[in-house]
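1. Need a 3D model of the following:
(2 chains)
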Amino acid sequence: MIPESDSRGHFGPYGGRYVPEILMSPLEELEQSWEEARRDPAFHSELNELLETYAGRPTPLYFARRLSQEAGGARIYLKREDLLHTGAHKINNCLGQVLLARRTGKTRIIAETGAGQHGVATATVAALFGMECVIYMGKEDMRRQQLNVFRMRLLGATVVGVSSGSRTLKDAISEAMRDWVTNVSNTHYLLGSAVGAHPYPLMVRDFQKVIGEETRRQVMEREGRLPDAVFACVGGGSNAIGMFYPFINDEGVRLVGVEAGGRSSALGEHAARFSGGLPGVLHGARSYLLQDSDGQISLTHSISAGLDYALVGPEHAWLHDRGRAEYVPVTDTEALDAARKLSRMEGIIPALESSHAVAEALRRAPAARDSVFVVNLSGRGDKDMDIFRENLKELDDANSPSI
Amino acid sequence: MTRIPPLFERLKQENRSGLIAYITAGDPCPERTPSLIAALEEGGVDMVELGVPFSDPVADGPVIQRASQRALRAGTSLARVLDIAAEVRRRSSIPIVLFTYLNPVLRYGIEKLGRDAVERGIDGCLLTDLSVDEAASQIETMRRFDLDTIFLAAPTSSAKRCKLIAEHSTGFVYLVSRTGVTGEKDSVSSTVAPLVASMRALTSLPLAVGFGISKPEHAAEVGAIADAVIIGSAFMRTIEQHRDDALEQRLTVQARGFRDALFRRTA
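-> Sure, this is the predicted structure:
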């Protein structure tokens, strides 16, 4: 058995609560509300009802026959989180947290977003519950994800562009924390990943573990056994921990987290925290962190905004150190190739984030004949069309036949 | 004992509230910081909080965020800030508190920081994102090197937390005047007086109040109930707006404005 975190949110030496004092008591209150809610059957029945009738759970486990044949080895299944309302797994956590916010009497929701998927999911649940919603998003990410920005506005949210630092997810989280420090009395910070101060990593994992629970059941039904390996991309790591957690004590199941290898292994060119980072503290938690020799946070790069973050969730750091999960980088190019392959072989266009996990499964499949792989397809690729277009020029009009 | 308790002893005898200046080290460049501190001293500043710039300062408003960026671009590291402190110490006995975020300190090494900070003449350390809950090893190390550990208390801190903060602080307790990030405000928050009162009941340590105190009249109001007031963004804005040779003179005049307000009110 892998031990649980301690009562103060430490996963071994990781996690914890490293925030300005202003937020300490509010975090204690949030932790207490969450503890009460998780023991309250009424809370779970309302959440389950929403997950089923609003978000679209359970999501299918799909056997990717043609992709598996092409890869030539393992039988590859896809956990279809991309089919959820709003297009990614983020809605699981948002529904849970918005119920918690309502329970604690908060009327205003704030969130950070990288790719925009969490921002859209947050704006969606805020609309559903009639709450004011402010989303912080790096200006560089706003440029990369214009459609999602518009989508959030259509849902009634205010999107605040953040122009400090690298203008990406890291800076959006910093700005959301500054808002929270200022408006803590009426505001719930709906953090979207398994990062941040305790209780966020635990709470987000609990709202996402439904992914792995369903997968476990579905794969047993289909294959009569557990999978040999599960794959998930890791930015902060919420879809990955949601997939991994229910398998942690199944020692025969390899847990493979895939980080953004970006353009190269040089600092600033990727977001591979386990190969390029060291333990440090950012945004409330201690974990593997990309930083320079003075302890300043490094810039990161990934073709997928959702993986473009300097710190990995603390529970992943702990799984890594204990050797229970392995973490590997996949480059921008490999992710694009995998996205294209999945689109053509299965008619499924994946989010660039999820494409990283697909790429690693494809890499390992040929040497894993008779194995069962599950890839968490955490999001769909609609939001990434502009990036696909920039990078797949051969598909543009100039090369199309016309009559 | 550090230089901090004797300062508050002297302030008590002079029957006035102290003036603490926060300054981001290295803005506009590391070479300039010692003379800016000398200018603040000339204007009557009693203690300096020497800010080590951090790339992601979540507790700071725009003024100190920009100052931190400029300082980092000018090549300011924690090691460089320690050298700045040593340079100040060669000519002055003003108490110096290192003020920063945890990650640069972790990377430098807490043990190494304790040893080097004492050697450079630093008196204490305040880490914005390190609350008492996670501070056991930092406290143990700092005590061993006879450095004060200053913690923040906020209007949101529960009674239980205030007690812990009082127990683990030495030198003084830093009271955050209001919820929010650092930066200038038009008035003093109504949360200051209750926070001062509740901390008084818990500790005999001096209480310094900061965040949002930007005008002499604010300082006078807060100084009437606190043992010291902390001015940060107001000085950093002056540094941002005036890079000329007259900057030092401006800082001296600005500091004197705060110092006179504190003196008049409580004398």
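2. Surely residue A:286 forms part of a strand?
-> Yes. Assessed with DSSP: H, G, I helix; E, B strand; the rest coil, residue A:286 lies in a strand.
3. For the stretch 151-300 of chain A, give me the ranges with low pLDDT.
-> By pLDDT under 70, the stretch 151-300 of chain A contains no weakly predicted segment.
4. what about the closest residue to chain B within it, which SS state?
-> Here the stretch 151-300 of chain A gets closest to chain B at one residue, residue A:295, 3.0 Å apart by CB to the nearest CB. Just so you know, the C-beta spots here come from the backbone N, C-alpha and C atoms, and that holds for glycine as well. Here residue A:295 is recorded as coil under three-state DSSP.
5. Tell me who's in contact with it.
-> A:280, B:54, B:78, B:103, B:104, B:105, B:106, B:107, B:108 (CB atoms under 8 Å, 6 or more residues apart in numbering or on different chains).
6. go with 6 Å
-> B:103, B:104, B:107 (CB atoms under 6 Å, 6 or more residues apart in numbering or on different chains).
7. Keeping just the C-alphas, turn the longest helix belonging to chain B into PDB.
-> For chain B, the longest helix by residue count, based on DSSP state H, is helix B:247-266. Only the C-alpha atoms of helix B:247-266 are listed here, as PDB (Å, rounded to 0.1, in the frame of the first residue of the first chain):
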ATOM      1  CA  LEU B 247      16.700  60.200  -6.400                       C
ATOM      2  CA  GLU B 248      18.500  59.900  -3.100                       C
ATOM      3  CA  GLN B 249      17.500  63.400  -2.200                       C
ATOM      4  CA  ARG B 250      13.900  62.700  -3.000                       C
ATOM      5  CA  LEU B 251      13.900  59.500  -0.900                       C
ATOM      6  CA  THR B 252      15.300  61.400   2.000                       C
ATOM      7  CA  VAL B 253      12.600  64.000   1.800                       C
ATOM      8  CA  GLN B 254       9.900  61.400   1.400                       C
ATOM      9  CA  ALA B 255      11.100  59.400   4.400                       C
ATOM     10  CA  ARG B 256      11.300  62.600   6.500                       C
ATOM     11  CA  GLY B 257       7.700  63.300   5.600                       C
ATOM     12  CA  PHE B 258       6.700  59.900   7.100                       C
ATOM     13  CA  ARG B 259       9.100  60.200  10.100                       C
ATOM     14  CA  ASP B 260       7.800  63.700  11.000                       C
ATOM     15  CA  ALA B 261       4.200  62.400  10.900                       C
ATOM     16  CA  LEU B 262       5.100  59.600  13.300                       C
ATOM     17  CA  PHE B 263       7.000  62.000  15.600                       C
ATOM     18  CA  ARG B 264       4.300  64.600  15.800                       C
ATOM     19  CA  ARG B 265       1.500  62.300  16.500                       C
ATOM     20  CA  THR B 266       3.000  60.400  19.400                       C
END
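8. Contacts (any at all) between chain A and stretch B:49-61?
-> Yes. For stretch B:49-61 and chain A, the contact criterion (CB under 6 Å from any CB of the partner chain) is met by B:55, B:56, B:58, B:59.
9. May I have the phi/psi pair for residue A:137?
-> Backbone torsions of residue A:137, given as degrees, to the nearest 10, read phi -140, psi 130.
10. quick one on the thing from earlier: and chain A, which of the contacts of residue A:295 contact it?
-> Among the contacts of residue A:295, chain A is touched by B:103, B:104, B:107 when using CB under 6 Å from any CB.
11. Report how many residues lie close to the closest residue to chain A within chain B.
-> Nearest residue of chain B to chain A: residue B:107, at 3.0 Å (CB to the nearest CB). Burial of residue B:107 is recorded as 21 neighbouring residues (other CB atoms under 10 Å in any protein chain shown).
12. that's a strand at residue A:356, yeah?
-> No. Under three-state DSSP, residue A:356 sits outside any strand and is assigned helix.
13. Okay, and which of the ones next to chain A among the contacts of residue A:295 map to strands?
-> Among the ones next to chain A among the contacts of residue A:295, no member is found in strands (DSSP state E).
14. would you turn those into a markdown table with pLDDT?
-> As requested, these are exported to a markdown table (pLDDT from 0 to 100):
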| residue | pLDDT |
| --- | --- |
| B:103 | 98 |
| B:104 | 98 |
| B:107 | 98 |
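15. Where helices are concerned, which of those count?
-> B:103, B:104, B:107.
16. Would you mind putting the residues you listed into a markdown table with distance to residue A:40 alongside?
-> As requested, these are exported to a markdown table (distance: CB to CB, whole Å):
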| residue | distance to residue A:40 |
| --- | --- |
| B:103 | 37 |
| B:104 | 42 |
| B:107 | 43 |
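17. Report all helices and strands that the helix or strand containing residue B:68 contacts.
-> Element membership for residue B:68, per DSSP states H and E: helix B:62-73. Where contact means 3 or more CB pairs under 6 Å, 6 or more residues apart in numbering or on different chains; DSSP states H and E, helix B:62-73 is packed against strand B:18-24, helix B:233-241.
18. Packed most tightly, which of the ones you listed would that be?
-> Comparing the helices and strands packed on helix B:62-73 by mean neighbour count (mean count of other CB atoms under 10 Å in any protein chain shown), strand B:18-24 comes out on top with a mean of 27.
19. which strands and helices sit next to the helix or strand following that strand?
-> Next helix or strand after strand B:18-24 toward the C-terminus (DSSP H and E): helix B:33-42. Helix B:33-42 makes packing contacts with helix B:78-91, helix B:247-266 when contacts are defined by 3+ CB pairs under 6 Å, 6+ apart.
20. Report the buried residues of the longest one.
-> The reference is to helix B:247-266. Within helix B:247-266, the residues that qualify as buried are B:247-248, B:250-252, B:254-263, B:265, counting by 16 or more other CB atoms under 10 Å in any protein chain shown.
21. Could you quantify the relative orientation of that helix and strand B:18-24 as an angle?
-> On the basis of axes from the mean of the first three to the mean of the last three CA atoms, to 10 degrees, helix B:247-266 is oriented at 150 degrees to strand B:18-24.
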